[in-house]
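Novice: Have a look at this fold, sequence not included:
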């Protein structure tokens, strides 16, 4: 296996670079053609690697690439999930090289999607090729690669509900998370949910001169700031009534266990150039970004934002506001609480509209399953040490949906790093990580087949 | 005089439309060529109208157009000021017709600068032409038309200081304000000052994924909102320490006098489609936007503002924040107080930078002067009623500067209306107002010459 990887790694990397050159941004309709191109690229590579029944499954949105290799109905089946769409690349001016012209620097591949999720999903296709070529495929495998993850997997649930037979499997395998460090492998065992909104505050019916009207009418930017500021109290608790009602509280023992994960606050601050961290009173940094729910403004805009000065009171101001949810909170519950509260706190001088975007449910994956054990053994084999279980702050809402619709648990074998700058300028993925993923995945198949016997 | 105006009004309007076609946006350097074109246009029209010594006076920025007609050194001299630059036109999508392709609709000229200040300054050039043609010019006149008013008149003070002899005059005449209504003429007797800042809040050194970092680091948008929200208390008083120390407090008698000005709160709310007005407790709408200082956010931006959802914690967030000042506050004092306070309230997790833009001093113009009386008589003659003295909420910082550098008072004969949407999409200027200005200005010259005898 090692020799096949060594002999083909240049080609594997070059194929990934080709995939990264396709700007498959699902959030922006002008890239619709590129999104399709990426889907076809994935389908072609699956076919070449030896998958059967490869097709672009139509959905009301972007197609889902499906492929499978059933070697023996008696063997367990792994359903590998990934996504070929990527986040928008702006702010473009902060990229050191164009986001869709991948470059390799210091043994890392720089491009939008390098890690999230093209680099990670491509590990699965190449691991599959490797197992096929080496005649080592130990389980049946199905691939389900979607193109709408970055806009909320809008049509995946519909697809899953309508293709339960086709998707029948024993476990879902996903590489769309990270690990602690290249020498500290980890497996993600929890994910936060998401509630995402765009809010619009309207003051006067037209932009006004701030001299003639300033002080006499509600300025929608000032009001929006005031409303956003009021969503946290002085301890950075979220003030939406009922927000914490269903939050899973971890025991002191569980928190003590979590606190053992290697972490240096000084290095964390240094890496982000921060004087200090900031967050909810009473919780550590690792707790704040994993077991606690949060509320963040992801974007804000209104008024004059060009060069120079313009003395305007705008008619409207906007923000994108998202909340990360923890187990037992549901996206629907929090979406309703947020909307009701945000409309309620608007003063009489403005009108407020809350438009929910996609949401997603939090999830916890079991650590006592065969799949977790197989994954743990695979990492131990390739990294030389047992992986650490880790709660992630990110969201892969489909993990909860797969459990609900297919009754399947997921195993989250992520090979990215926090420092890979996913969703940010200069996203990258280490070549070490890419190759390590391709090396580790076949061991998972092997151990999973053996443990399933 | 009436007949000359009647016979030439079509041409006057068409000349103004030509001027409005030049996008002389001073805030945006890509319009530098158009700014110069507008200056040359003004100079050519002044020459044609009969002005002498017309020139584009170089400054470190945009040129100042100068011209004069000295008919008798023994007569008083009026120095007419105006500006040929305009505000940026965005948001473009809200204009019903392109901002630099003027159209006439319902007896109003729609274009950026139609009222502020091209339409109003052009009244002076055409009134001068009329007086020259009718041999009615009763005073000497000098013109000083600048091209940087909308970006803070950065070089006008330098020009005035270096051309005191050339600018020697008895009074300054400015049409860059409004009047209450077409049947309620008014003269502006007070102007607010301005302190304008761009602020930048930096959190982490790069954009972060809100799942992986949300809750654990200071989000610069949330922090900026919090900082902005804290600048007003629950009564909408501004919380910057020392902000009100020097504010001129009007007596009850003065406030009672102000309250007599015709004003309908219902119509005001209806015109702006507001459920309610909003502002400082204890003051009326007219007081809030004239005798009270204010703080408004004129623009805000940060994070993802495109279509769809992006779960990012941005590295930076920005806002443009301006304060309108009232007599006895100074721009320098307030600029320093703001900067100090805004830096001080930043929490440890972020870095803050405050960049002051231009400022301007508040001003009150005397009502017992010959100039005010001459203006009042001129309005009475053409409108059939005595004009109301009015404090405006806007700023023309150069009024205080002219007083300081040249020792001259200004008389503010504005013919625009609040509803003209200056600085907003669909700015317009009534043809009634344009022609009424051209008709009224010569009477000012006549009465001013007579009262000066």
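Specialist: Happy to help now that I have it. Predicted model, so just to flag it, every value in this text is computed and none were measured.
Novice: partners of the nearest residue to residue A:114 once chain neighbours are set aside in the sheet?
Specialist: Spatial nearest neighbour of residue A:114, chain neighbours left out: residue A:429 (4.0 Å); criterion: CB to CB, 6 or more residues apart in numbering or on different chains. Yep, even glycine has a C-beta here, placed from its N, CA and C like the rest. Taking DSSP bridges as the rule, residue A:429 bridges to residue A:109.
Novice: can you tell me the residue of the stretch 1-150 of chain A closest to chain B?
Specialist: Going by CB to the nearest CB, chain B is nearest to residue A:27 of the stretch 1-150 of chain A, at 3.3 Å.
Novice: Can you tell me the closest non-neighbouring residue to that residue?
Specialist: Nearest one to residue A:27, counting by CB to CB, 6+ apart, is residue B:308 at 3.3 Å.
Novice: go on, residue A:342?
Specialist: residue A:354 (5.3 Å).
Novice: before we move on, what SS does that neighbour have?
Specialist: Under DSSP: H, G, I helix; E, B strand; the rest coil, the three-state class of residue A:354 is strand.
Novice: separation between the residue nearest to residue A:27 and residue A:414?
Specialist: The gap separating residue B:308 from residue A:414 is 24 Å, by CB to CB, to the nearest Å.
Novice: With neighbour numbers in mind, choose between the two.
Specialist: residue A:414 (25 against 20; other CB atoms under 10 Å in any protein chain shown).
Novice: Just give the nearest non-adjacent residue to the more buried one, would you?
Specialist: Residue A:414 sits nearest to residue A:177 (CB to CB, 6+ apart), 3.1 Å away.
Novice: can you pull out the helices in chain A?
Specialist: Applying DSSP state H to chain A gives helices spanning A:2-20, A:32-49, A:118-133, A:156-161, A:210-213, A:220-229, A:252-258, A:265-272, A:285-288, A:331-344, A:370-383, A:398-406, A:431-452.
Novice: Need those in CSV (columns: mean neighbour count and mean pLDDT).
Specialist: Converted to CSV, these look like this (neighbours: other CB atoms under 10 Å in any protein chain shown; pLDDT from 0 to 100):
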stretch, mean neighbour count, mean pLDDT
helix A:2-20, 15, 96
helix A:32-49, 19, 98
helix A:118-133, 25, 98
helix A:156-161, 18, 96
helix A:210-213, 27, 84
helix A:220-229, 26, 98
helix A:252-258, 12, 85
helix A:265-272, 13, 93
helix A:285-288, 20, 93
helix A:331-344, 18, 97
helix A:370-383, 20, 96
helix A:398-406, 21, 92
helix A:431-452, 21, 98
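Novice: So residue A:199 sits against residue A:350, correct?
Specialist: No: the criterion here is CB atoms under 8 Å, and residue A:199 misses it with residue A:350 at 11.1 Å.
Novice: quick one: contacts for whatever residue of the stretch 51-200 of chain A ends up closest to chain B?
Specialist: Nearest to chain B, among the residues of the stretch 51-200 of chain A, is residue A:196, at 4.9 Å (CB to the nearest CB). By CB atoms under 8 Å, 6 or more residues apart in numbering or on different chains, the residues touching residue A:196 are A:152, A:298, A:320-323, A:356-359, B:309, B:311.
Novice: Which strand residues bridge it?
Specialist: Per DSSP bridges, the residues bridged to residue A:196 are residue A:322.
Novice: That one and residue B:318: what is the separation?
Specialist: Applying CB to CB to residue A:196 and residue B:318 gives a distance of 23 Å.
Novice: nearest residue to residue A:163 other than its sequence neighbours?
Specialist: Excluding its sequence neighbours, the residue lying closest to residue A:163 (CB to CB, 6+ apart) is residue A:57, at 7.5 Å.
Novice: now the one you found, which residues is it bridged with?
Specialist: Beta-bridge partners recorded for residue A:57 (DSSP bridges): residue A:64.
Novice: follow-up on the earlier one: looking at the helices of chain A, which is nearest to residue B:255?
Specialist: Across those, residue B:255 has its closest neighbour in helix A:210-213 (19.5 Å, CB to CB).
Novice: Do any residues in the closest one lie close to chain B?
Specialist: Yes: using CB under 8 Å from any CB of the partner chain, we find that helix A:210-213 touches chain B at A:210-213.
Novice: residues in the stretch 301-450 of chain A within reach of chain B, list them.
Specialist: Residues of the stretch 301-450 of chain A lying near chain B (CB under 8 Å from any CB): A:301-314, A:317-320, A:322, A:324, A:347-351, A:357-358, A:392-395, A:418, A:421-426.
Novice: which of these are buried?
Specialist: A:301-305, A:308-314, A:317-320, A:322, A:324, A:349-351, A:357-358, A:392-395, A:418, A:421-426 (16 or more other CB atoms under 10 Å in any protein chain shown).
Novice: Give me the subset of those lying in strands.
Specialist: Counting by DSSP state E, the members of these that fall within strands are A:301-303, A:312-313, A:317-320, A:322, A:324, A:351, A:357-358.
Novice: Out of the residues you listed, which comes closest to residue B:47?
Specialist: Closest approach between those and residue B:47, by CB to CB: residue A:312, at 35.4 Å.
Novice: Please name the residues that touch the closest one.
Specialist: Contacts of residue A:312 (CB under 8 Å, 6+ apart): A:207-210, A:303-304, B:298-299, B:423-424.
Novice: ok, residue A:137 touching residue A:448?
Specialist: No: judged on CB under 8 Å, residue A:137 makes no contact with residue A:448 at a distance of 11.7 Å.
Novice: how much space between residue A:355 and residue A:231?
Specialist: Counting by CB to CB, the gap from residue A:355 to residue A:231 is 17 Å.
Novice: Which of these two has more residues huddled nearby?
Specialist: Set residue A:355 next to residue A:231 and count neighbours by other CB under 10 Å: residue A:231 wins out with 22 against 12.
Novice: Good, we can wrap up now.
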